[in-house]
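# make a model of this:
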Amino acid sequence: MEILVEVFLPLSLAIIMLSLGIGLTPSDFRRVVERGWAFGIGALCQLILIPLFAYLIILAFGFTGAIAAGIMLLSFCPGGVTTNVMARLANGDVALSVSLTALISLLSIITVPVLVGWAVTRFMGADVPEFSVTEIAIAMFLITTLPVSIGMLIRYLAPGFADRAEPKLFVLASVLFVVIVLAAIATNWDLFVANFTALGPALAVLSITTMLAGLTIAGVFGLTWAEQKTVAVEVGLQNGTLGITLAPIIAGVATGIPEIGLPAAIYSVIMYLTGIPIVLWLRSRRHES
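Numbers count the residues shown, from 1 in each chain. A predicted model of the protein is given here:
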C-alpha cells in the first residue's frame, strides 16, 4: 500500500497536470493580459475568498487539530482540470477557466507551502508534524509545475501529437487516480467513515457558499455572464487531488490517507454532489446577468 501513496498517487496527479499543460498554448497566457480584469477577479477570489470561507467554516463547525489544518490545506489548493470540464458544462468561458487553472497552479508552488506551514502551526500546535516547507515546494514543482511545463513543450514541438494525446492522458490519469484513492481510503476506512458525517456537511457548505460568492462577486465587478459562471466554478471546485497527495508528505506517513488529508478526500466526493446541480442551474440560466 505504501507504493500507492508514495508513487502512484503523485504520478496520477502529475499525469493530470501534464494533460493540462499539453492543452495550453501561448494565447492562454496572452489572454491573462488581454482580459486582465476578469482574470484578476477570478484569481483574487481563488487566493483570498476560499481560504477565508474555509477559516470561517472551521470556526463555525468547531474543527480543531489535523482536520482544521486539512480544511485549510484544501482551501489553498488551486482548481484542477475538472473545473475546465465543469466550465464547459455550465456554458461558461472555458478559455478563462483554462488560464485561471494554469496560472494559479503554477503560482501554488509558492503559496501552498508557505500557507500550509502557517495552517499546521495555527491549528495543530504541539502536535504539528515535522515537515519541510522546502520539501513541499519541491513536491509541488515535481507534480504540478514540471508536468505542466513538459506538456507545454510537447504542445510546442508536436502539436498534432498533443491534440491526440490530451484527452487520452486525462482519462488515464482520472481512472488511475480514482482507483488509487479508493485503495488508500480503504486502508483508513474506519477513520474515513467516522469523519464523513462531521466533515460532509461542512465541506458541502464550503463548496456551495464559495460558488455562490464567486458568482456574486464576479457579477458585482461587471464580468459577463459566461465569466461569472467560470469564476463560480473555479472558486467552488478545488483540486482535492493535490491535497490528498500533499497530506502524506506533511504528516510524514506512507500508508493510507492521514487525518490531515481526510478533508480533501471527502471533498473530492462532496464537490460533485454539490457542484454538478449548481453547474446545471447556471447552464439553464442563459440570459446575461
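
# how about the helices in the stretch 101-250 of the chain?
With DSSP state H, counting those that start in this stretch, the ranges of helices along the stretch 101-250 of the chain come out as 133-140, 146-157, 159-187, 189-220, 225-236, 240-251.

# now, of those, which is deepest in the fold?
helix 225-236 (a mean of 28; mean count of other Cβ atoms under 10 Å). The way it works is simple: take the backbone N, C-alpha and C, and place the C-beta from them, glycine included.

# ok and that helix relative to helix 189-220, angle-wise?
What separates the directions of helix 225-236 and helix 189-220 is an angle of 150 degrees, with axes from the mean of the first three to the mean of the last three Cα atoms, to 10 degrees.

# packing partners for helix 225-236?
Packing contacts for helix 225-236, counted by 3 or more Cβ pairs under 8 Å, 6 or more residues apart in numbering; DSSP states H and E, involve helix 36-44, helix 81-89, helix 94-124, helix 189-220, helix 262-284.

# now that helix against helix 94-124, angle please.
For helix 225-236 against helix 94-124, the angle by the same axes, to 10 degrees is 30 degrees.

# pLDDT of helix 225-236, averaged?
For helix 225-236, the mean per-residue pLDDT is 93.

# tell me what angle it forms with helix 81-89.
Angle between the axes of helix 225-236 and helix 81-89 is 150 degrees (criterion: the same axes, to 10 degrees).

# next one: helix 225-236 to chain centre, how far?
15 Å (Cα atoms, centre = their mean, to the nearest Å).

# cool, stretch 29-39 as well?
When distances are taken as Cα atoms, centre = their mean, stretch 29-39 is centred 21 Å away from the chain's centroid.

# among the helices and strands packed on helix 225-236, which comes closest to residue 163?
Put simply, out of the helices and strands packed on helix 225-236 the one that sits nearest residue 163 is helix 94-124, at 14.9 Å, with distance taken as Cβ to Cβ.
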